[in-house]
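Participant: next comes the sequence, and after it the predicted model I'd like to discuss.
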Amino acid sequence: MTDFITVSDLIRDCHSNAKMKGFWDASQNIPEKVMLVVTELAEGVEAYRNGIVIGEKDCFAEELADAVIRIFDICGYLEIDLEKELREKMKYNKTRPYLHGKKF
Ligand SMILES: [Mg+2]
């Protein structure tokens, strides 16, 4: 028997936990929720700048996880099939030119 967790499973779990912890009681403002993803990424940049990449509280890896958890939570609330979006976008990206035609 194969035992694996899908992106959709993680989205359900993240959103369920966020609802249980009251994060959707305080606000359903999606732009605000998206900006909280950005704050996690900013925390990640600071951790990286301080050389705290993995293995410590508030390390770069943990902040990336926080950002993904917040994205999954938003997807759960809006019932976005992120697994499908990821597959389609990755397939499309493989057809794009080097650096997607940009300078960097
Ligand atoms: Mg964080």
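Facilitator: Sure, I can see it.

Participant: any idea which helix or strand in this protein has the lowest mean pLDDT?
Facilitator: None of the helices or strands of the chain scores lower by mean pLDDT, DSSP states H and E than helix 23-26, at a mean of 93.

Participant: continuing past the strand or helix carrying Val38, what's the next helix or strand?
Facilitator: Using DSSP states H and E, Val38 sits in helix 30-49. Downstream of helix 30-49, the first helix or strand assigned by DSSP H and E is helix 60-78.

Participant: how about that following helix and the ion, touching?
Facilitator: Yes: under the criterion of C-beta under 5 Å from the ion, the ion is reached by helix 60-78 at 63, 66. The C-beta positions use only the backbone N, C-alpha and C, and glycine is treated the same way.

Participant: mean confidence for the helix or strand following that helix?
Facilitator: Next helix or strand after helix 60-78 toward the C-terminus (DSSP H and E): helix 82-93. What helix 82-93 shows for mean pLDDT is 97.

Participant: now for helix 82-93, which elements pack on it?
Facilitator: helix 7-20, helix 60-78 (3 or more C-beta pairs under 8 Å, 6 or more residues apart in numbering; DSSP states H and E).

Participant: got the angle between the shortest one and helix 60-78?
Facilitator: This points to helix 7-20. 80 degrees (axes from the mean of the first three to the mean of the last three C-alpha atoms, to 10 degrees).

Participant: give me the mean pLDDT for helix 7-20.
Facilitator: 98.

Participant: which other helices and strands does it contact?
Facilitator: Using 3+ C-beta pairs under 8 Å, 6+ apart, helix 7-20 is in contact with helix 60-78, helix 82-93.

Participant: how about the ones you listed in JSON lines, adding mean neighbour count and distance to Asp13?
Facilitator: Below are the helices and strands packed on helix 7-20 laid out as JSON lines (neighbours: other C-beta atoms under 10 Å; distance: least, C-beta to C-beta, whole Å):
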{"stretch": "helix 60-78", "mean neighbour count": "19", "distance to Asp13": "8"}
{"stretch": "helix 82-93", "mean neighbour count": "11", "distance to Asp13": "13"}
